[in-house]
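Q: Take a look and give me a structure for this.
(2 chains)
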Amino acid sequence: MKKTLISGIILTILGAVLLGLGILHHGDHNLIWHDGGFKIEDASIKHATFKEVHNLKINADDEVQIKPYAGSQIKVTYRGTNTLDYQATDHQLSINDNSRNGFTFNLGLGNFAPSTITIYVPSTSKLNKLICNTSGTVSITDLNFNQIHLSSNEDVDLHKVNVKDELQVSGYSDLELRQVSAASLAYDSSDGDVTINDSKFIKGSSKILTSDGDLELNDSDFKQLKLVSDDGDLNLNRLSISESLTGRTSDGDIHTTLKDSRNLAINADSDDGHAKIFGKNTNYYHQGSQKTHYSFTSSDGNIIVR
Amino acid sequence: MAIFGVIFGMVVAILGVGLAFTIFGIIAIIIFIIGLTLLATSFWTGIYYIGFGLLVIGIYLILIPFIRWILMLILHGTSLFFRWLYTKIVTRRTEKRGDR
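A: Residues are numbered from 1 along each chain as shown, chains lettered A, B, ... in the order given. Now for the predicted structure:
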């Protein structure tokens, strides 16, 4: 037993020394299983530039970031283990990542950032169409598009983005919009929270559907809005609705703070909870021309309109 | 009856911990071997993985005497308990026969 203990101590010290030397000499790389053996992950940053791109199509398993810059061409940088395929024809740039068959192995001791595709768009240009399917997060900042179709299994974050037509987002993702404008919004998610702040969707009918998630909308403008969550709360604060708002949750509370209590009609139905409109226990309220209609339904939760 | 449930739970827990311990040990050996294969192509990455493998194996070797001691303690305690239980049952039966 004593010999085992002594051997253990010696091996531990030797191991710690070798591990330290490995880290000191930057040997703490990810390994990737490829072609029947472990190889060191190539995480170097690769660049590519493209002229006169109007449409962007991305199919990837990586994090995608799209942001403006002062240059005149579309610039793509990629940090990750896969290789990217680029196809640039008819003003369309298609980016596909060739996911390697295998798995990445690391000891979790080094600095291992997720694979990221960063697309730099000239700040003066307006892209026509963006189609992006990825299993990673998507982040778009300070850009203008005619159309955006996003599908992601991770978070989608748009900040200061203008879309001429409908903004479409789907997948299993959380959605966060800040200062975004589009004709309308279509969001359909199996599992995701939605947070929208200071945004405008005033030309069409918007829909936000989630099977499991909370919806929080603040200081935003909509023409028509339909909100559905199978399991989550609805928090709606200071929204401007020009025509109608329908909010339904199967299991959750609905809290609404309206900007104005004039020229509107409110229906609030809760199967297993109480409804309160402007401090009164009632499920119906109307005032003036009833230009705007609000309808709130909760199968299991309270509805409070202030 | 409850005491048998506790003993059963302890046995399952010991087996679970033992299995996890074994699996991590095997992984450490595999990491060590991976490190050896990398030495020719990337020396310092090989050293890094060999170091990690040796460190884990060393910790295991240090832990083995303690684990053995804890296991012996548990086994000894269990055997003492069953001996006590056996004595109690046999004594009660003998007392009942004596009453007749």
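Q: Every contact and neighbour count from this point should use C-alpha atoms.
A: Fine.
Q: which ones are touching the residue of the stretch 201-306 of chain A at minimum distance from chain B?
A: Taking CA to the nearest CA, chain B has its nearest neighbour within the stretch 201-306 of chain A at A:D212, 34.6 Å off. Residues in contact with A:D212 (CA atoms under 8 Å, 6 or more residues apart in numbering or on different chains) are A:S190, A:D191, A:G192, A:D193, A:S229, A:D230, A:D231, A:G232.
Q: Name the helix or strand for the most centrally placed residue in chain B, please.
A: The residue lying closest to the centre of chain B (CA atoms, centre = their mean) is B:G18, at 4.2 Å. Using DSSP states H and E, the secondary-structure element containing B:G18 is helix B:2-38.
Q: next helix or strand past that helix?
A: Next along from helix B:2-38, by DSSP H and E: helix B:43-99.
Q: helices or strands next to that following helix in the packing?
A: Packing contacts for helix B:43-99, counted by 3 or more CA pairs under 8 Å, 6 or more residues apart in numbering or on different chains; DSSP states H and E, involve helix A:2-24, helix B:2-38.
Q: neighbouring contacts of the helix or strand that contains A:N237?
A: According to DSSP H and E, A:N237 maps onto strand A:234-249. Contact partners of strand A:234-249, identified using CA under 8 Å, 6+ apart, comprise A:202, A:214-233, A:252-259, A:291-300.
Q: partner strands of that strand, parallel or antiparallel?
A: The strands beside strand A:234-249 in its sheet (DSSP bridges) come out as strand A:215-218 (parallel), strand A:221-229 (parallel), strand A:254-258 (parallel), strand A:292-298 (parallel).
Q: Quick one: mean pLDDT for that strand?
A: For strand A:234-249, the mean pLDDT works out to 94.
Q: Buried ones only from the contacts of strand A:234-249, please, as a PyMOL command.
A: Filtering the contacts of strand A:234-249 down to the buried ones (16 or more other CA atoms under 10 Å in any protein chain shown) takes a single PyMOL command:
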select buried, chain A and resi 202+214+215+216+217+218+219+220+221+222+223+224+225+226+227+228+229+230+231+232+233+252+253+254+255+256+257+258+292+293+294+295+296+297+298+299+300
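Q: partner residues bridging the residue most central in space within chain A?
A: Most central in chain A under CA atoms, centre = their mean is A:V156, positioned 1.1 Å from the mean C-alpha point. When bridges are called by DSSP bridges, A:V156 pairs up with A:V138, A:L175.
Q: so what's it up against?
A: A:V156 is in contact with A:T137, A:V138, A:S139, A:S173, A:D174, A:L175, A:E176, counting by CA under 8 Å, 6+ apart.
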